[in-house]
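Q: Quick one, structure for this:
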Amino acid sequence: MIEAPPSPKMSAEPPLVSDNSSPMIAVRSLQKKIGQQEILRGVDLKISSGETLAIIGRSGGGKSVLLKHMVGLMEPDSGEIWIQGQNIIGMNERQLGAIRKKVGILFQGGALFDSMTVEDNIAFPLREAGERDRKVLRSKVSEMLEVMEMEGQEDKMPETLSGGMKKRVGLARAIIRRPSCVLYDEPTAGLDPVVADSINRLIRRLQQRFGMTSVVVTHDMKSAFDVADRIAYLHEGRIYFNGTANQLQQSSDPLIQDFLLGRSDGRRRLTSIACSLEGETRSSEPSLTLRKSAARSTINIQDEPARARFGIQSRHFCFCRAGDVRRAGRAIRQAG
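A: Residues are numbered from 1 along each chain as shown. Okay, here's the model as predicted:
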């Protein structure tokens with residue numbers, strides 16, 4: 001369990017570049033409803049040139065929806081998205097095509113064309129842009145394979161590649177036109193820890209080698225801490241936290257701690273059951289006895305040398321260990 005020391009609530013972004021520098025990406029009051037569900041409820045976010053931002057949040061919380069808005073794959077109900085000083089909302093496909101030259105995206109799973117070789121998959125954006133010189137295509141693909149540490153793999157088909165290799169090919173395709181920014185949608189999802197770590201190292205290497213701005217959507221906290229200069233926590237359609245990894249870990253906010261610890265709201269409520277504490281106990285395995293009366297049920301938790309008595313009533317609240325709560329619940333059910 002992470003025991004983060006208390007810290008003041010963070011809402012402002014730590015300045016990573018000077019104030020007079022325009023952001024690479026600016027999201028302003030973005031709202032999106034899908035069906036009857038509000039996915040984005042007024043997202044505000046700035047991403048500076050050259051930084052790596054991780055966007056974290058619960059599954060189904062709108063992280064990938066936000067990412068797709070950033071590259072013009074979805075249209076918001078209201079709000080603005082600015083890419084290098086241009087508002088992309090309302091742009092036609094030709095205008096968006098020019099924006100997408102500046103922004104590459106790595107989809108979950110890599111999204112490779114099954115009928116194409118590794119080389120043809122990587123070269124696809126160049127061919128779409130009109131490049132036909134075979135030597136130029138080969139040279140640029142070879143450079144990308146070297147960056148991805150995949151030399152000699154150009155003739156393989158996607159079906160022969162591992163999950164990590166598919167992600168690398170997808171990333172090579174996303175950056176072959178040297179975009180200013182790369183968007184990563186769950187880059188380590190479905191990968192074992194060793195392969196996930198290699199993807200994290202690759203993200204850092206690209207930022208260092210090419211100075212690319214990176215936006216990493218993830219629920220993998222190790223990945224977020226490994227790659228990010230800054231972390232934004234998307235909660236219920238809004239940016240709830242925006243700060244450094246250290247600030248996130250030190251936050252005493254219950255919602256943030258629940259997310260970091262992988263703890264549901266219900267589990268947090270269970271660990272704060274109504275109880276009154278007399279004396280002191282810190283035994284890892286206290287013994288339990290139950291005495292019933294007309295007024296209330298009393299659980300005696302005994303341990304050597306200290307003893308404690310928990311009288312469960314709705315007006316008494318204190319924090320108890322989850323293990324104590326489970327044992328108390330079993331004792332109540334058995335006596336009932």
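Q: Please state the mean pLDDT value computed over the helix or strand where residue 99 lies.
A: Applying DSSP states H and E as the criterion places residue 99 in helix 93-100. Averaged over helix 93-100, pLDDT sits at 88.
Q: Alpha carbons of that helix, as CSV, please.
A: Once non-C-alpha atoms are left out, helix 93-100 reads as follows in CSV (Å, rounded to 0.1, in the frame of the first residue of the first chain):
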residue,chain,number,x,y,z
GLU,A,93,-11.0,16.7,-44.2
ARG,A,94,-8.4,18.5,-46.3
GLN,A,95,-7.5,20.8,-43.5
LEU,A,96,-7.5,18.0,-41.0
GLY,A,97,-5.1,16.1,-43.3
ALA,A,98,-2.6,18.9,-42.9
ILE,A,99,-3.0,18.8,-39.1
ARG,A,100,-2.5,15.0,-39.0
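Q: buried stuff in that helix?
A: Across helix 93-100, burial judged by 16 or more other C-beta atoms under 10 Å covers 99, 100. C-beta here means a position set from N, CA and C on the backbone, and glycine is covered the same way.
Q: which other helices and strands contact the helix or strand just after that helix?
A: Later in the chain than helix 93-100, the nearest helix or strand by DSSP H and E is strand 103-106. Counting contacts by 3 or more C-beta pairs under 8 Å, 6 or more residues apart in numbering; DSSP states H and E, strand 103-106 packs against helix 163-175, strand 181-185.
Q: on that earlier part again, pull the residues that contact the helix holding residue 99.
A: With contact meaning C-beta atoms under 8 Å, 6 or more residues apart in numbering, helix 93-100 is reached by 71, 72, 83, 86, 88, 91.
Q: Kindly provide the distance from the fifth one to residue 177.
A: Between residue 88 and residue 177 the distance, using C-beta to C-beta, to the nearest Å, works out to 18 Å.
Q: Would you mind telling me which of the two has more residues around it?
A: Taking neighbours as other C-beta atoms under 10 Å, residue 88 and residue 177 compare with residue 88 leading, 21 against 16.
Q: Residue 72 is in contact with the more buried one, correct?
A: Yes - counting by C-beta atoms under 8 Å, residue 88 touches residue 72, with 5.2 Å between them.
Q: Show me whatever sits in contact with both of these two.
A: Common neighbours of residue 88 and residue 72 (C-beta under 8 Å, 6+ apart) are 81, 96, 99.
Q: Out of the helices and strands packed on strand 103-106, the one nearest residue 28 is which?
A: strand 181-185 (17.2 Å; C-beta to C-beta).
Q: Kindly reformat the helices and strands packed on strand 103-106 as CSV and extend each row with mean neighbour count and mean pLDDT.
A: Putting the helices and strands packed on strand 103-106 into CSV (neighbours: other C-beta atoms under 10 Å; pLDDT from 0 to 100) gives the following:
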stretch, mean neighbour count, mean pLDDT
helix 163-175, 23, 90
strand 181-185, 23, 93
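Q: Out of the ones you listed, the one nearest residue 36 is which?
A: Of the helices and strands packed on strand 103-106, nearest to residue 36 by C-beta to C-beta is strand 181-185, at 24.8 Å.
Q: Just the angle for the helix or strand following the closest one relative to strand 181-185, thanks.
A: Per DSSP H and E, the first helix or strand lying C-terminal to strand 181-185 is helix 193-210. Here helix 193-210 points in a direction 170 degrees away from that of strand 181-185 (axes from the mean of the first three to the mean of the last three C-alpha atoms, to 10 degrees).
Q: Just the helices from the chain, written as ranges.
A: 63-70, 93-100, 118-128, 134-147, 163-175, 193-210, 221-227, 245-250, 254-261, 265-270, 322-335 (DSSP state H).
Q: where among those helices is the average confidence lowest?
A: helix 265-270 (a mean of 51).
Q: Now tabulate the helices and strands packed on strand 103-106 in CSV and tack on distance to residue 116.
A: Putting those into CSV (distance: least, C-beta to C-beta, whole Å) gives the following:
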stretch, distance to residue 116
helix 163-175, 10
strand 181-185, 21
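Q: Any figure for the gap between the residue nearest to residue 230 when sequence neighbours are not counted and residue 65?
A: Nearest residue to residue 230, sequence neighbours excluded (C-beta to C-beta, 6 or more residues apart in numbering): residue 53, at 5.2 Å. Residue 53 sits 16 Å away from residue 65, going by C-beta to C-beta.
Q: One more: residue 126?
A: Counting by C-beta to C-beta - residue 126 and residue 65 are separated by 29 Å.
Q: Comparing these two, which residue is more hemmed in?
A: The neighbour comparison of residue 126 against residue 65 (other C-beta under 10 Å) goes to residue 65, with 21 against 18.
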